[in-house]
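**Q** Give me the fold of what follows.
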Amino acid sequence: MHFISRREWAFIALVFLYSFIPAVVGLVRLPELLGAPAIIPPNPRAVIDPLPITLHILGSSVFCLVGAVQFLPSLRRYRPALHRTLGRIVAAAGCVSAITGLWMTVAYAFPDALQGPLLYVARVTLSLAMVALIAWAVVAIRSRNVAAHRAAMLRAYAIGQGASTQTALFLVTMGLFDTEPSGFSRDVLMVGAWAINLAIAELLIRRAFATRTSGAAI
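**A** Here you go, the predicted structure:
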């Protein structure tokens, strides 16, 4: 892909690095879910009902990693057909990720230390919001509303990348306090990660809007 600039390659590398731990841990767990011996400590909920978490891992990995490529201006400019093809894959993967996330939230029996009311409500709300945003992005691009399409997909991507920011916050917290958060503090940390991602997404959307407005005024 010689048409991709060095800055864009750096962006892809940064996103892949940021997504590394949740993506790799999830993919490493797949053999266990398919019946192979566990490589990492087993998840009892996943062992009992492996289908939703298997689909969630696959959907989330595709959405987060391939989805990052979709934000490259060079891809949209020089390979629009590829952008559209990848977009369909990313949209489907994002919906699988969100729906299976909702499935696990409702169906799995989480101990209070791992999911309290705050986290439960956030997971349900954000799963539904992610599907709605992807659906709106599809409607928007079919109506040739490119700005609305990009904004909706960026917000959906911010939700989908929640696990990466949660991992980063967990590592910082464990480094500072030498213990893994649990209970309400864990819920706050998890929800806070989504809040950070969505805040950054809104800043980027506003920045893009300001750029378009100033460009149109010239």
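**Q** can we go C-alpha only for contacts and neighbour counts from here?
**A** OK.
**Q** Identify the residues contacting the most centrally placed residue in the chain.
**A** In the chain, the centroid-proximal residue (CA atoms, centre = their mean) is residue 160; its distance is 1.7 Å. Counting by CA atoms under 8 Å, 6 or more residues apart in numbering, residue 160 touches 60, 63-64, 94, 97-98, 130.
**Q** Narrow the residues you listed to those that are buried.
**A** Neighbour-count burial (16 or more other CA atoms under 10 Å) applied to the contacts of residue 160 gives 60, 63-64, 94, 97-98, 130.
**Q** Give me the subset of the residues you listed lying in helices.
**A** Mapping those onto helices (DSSP state H) picks out 60, 63-64, 94, 97-98, 130.
**Q** Which two of those have the greatest separation?
**A** 64 and 130 (13.0 Å; CA to CA).
**Q** Low-confidence regions, the protein specifically.
**A** Across the chain, the ranges flagged by pLDDT under 70 are 1-2, 32, 34-43, 46-47, 211-218.
**Q** Let me know the helix or strand that the nearest residue to residue 146 once chain neighbours are set aside is in.
**A** Sequence neighbours aside, residue 140 is the residue nearest to residue 146 in space, at 6.8 Å (criterion: CA to CA, 6 or more residues apart in numbering). Taking DSSP states H and E as the definition, residue 140 sits inside helix 117-142.
**Q** Can you check what angle separates the helix with the most length in the chain from helix 117-142?
**A** Taking DSSP H as the assignment, the helix of the chain that covers the most residues is helix 184-217. Angle, helix 184-217 to helix 117-142, by axes from the mean of the first three to the mean of the last three CA atoms, to 10 degrees: 20 degrees.
**Q** Show me what helix 184-217 is packed up against.
**A** Contacts defined by 3 or more CA pairs under 8 Å, 6 or more residues apart in numbering; DSSP states H and E place helix 184-217 against helix 117-142, helix 146-160, helix 162-177.
**Q** and which of the ones in helices among the buried ones among the contacts of residue 160 is nearest to residue 202?
**A** residue 130 (14.9 Å).
**Q** got a list of what that closest one touches?
**A** 94-95, 98, 155-156, 159-160.
**Q** ok, now with 6 Å
**A** By CA atoms under 6 Å, 6 or more residues apart in numbering, the contact set of residue 130 is residue 156.
**Q** what's the answer for residue 204, then?
**A** By CA under 6 Å, 6+ apart, the contact set of residue 204 is empty.
**Q** and what of the one 4 residues further on?
**A** Residues near residue 208 by CA under 6 Å, 6+ apart: none.
**Q** And residue 4, by the same measure?
**A** residue 74.
**Q** That one: what secondary structure?
**A** coil (DSSP: H, G, I helix; E, B strand; the rest coil).
**Q** Also residue 182?
**A** Criterion first, three-state DSSP; result for residue 182: coil.
**Q** Name the nearest residue to it, ignoring sequence neighbours.
**A** residue 113 (5.1 Å).
**Q** Quick check: phi and psi on that neighbour?
**A** With angles defined as degrees, to the nearest 10, residue 113 sits at phi -70, psi -20.
**Q** Counting neighbours, what do you get for it?
**A** Using other CA atoms under 10 Å, residue 113 has 13 other residues around it.
**Q** And residue 172, by the same measure?
**A** Residue 172 has 12 nearby residues by other CA under 10 Å.
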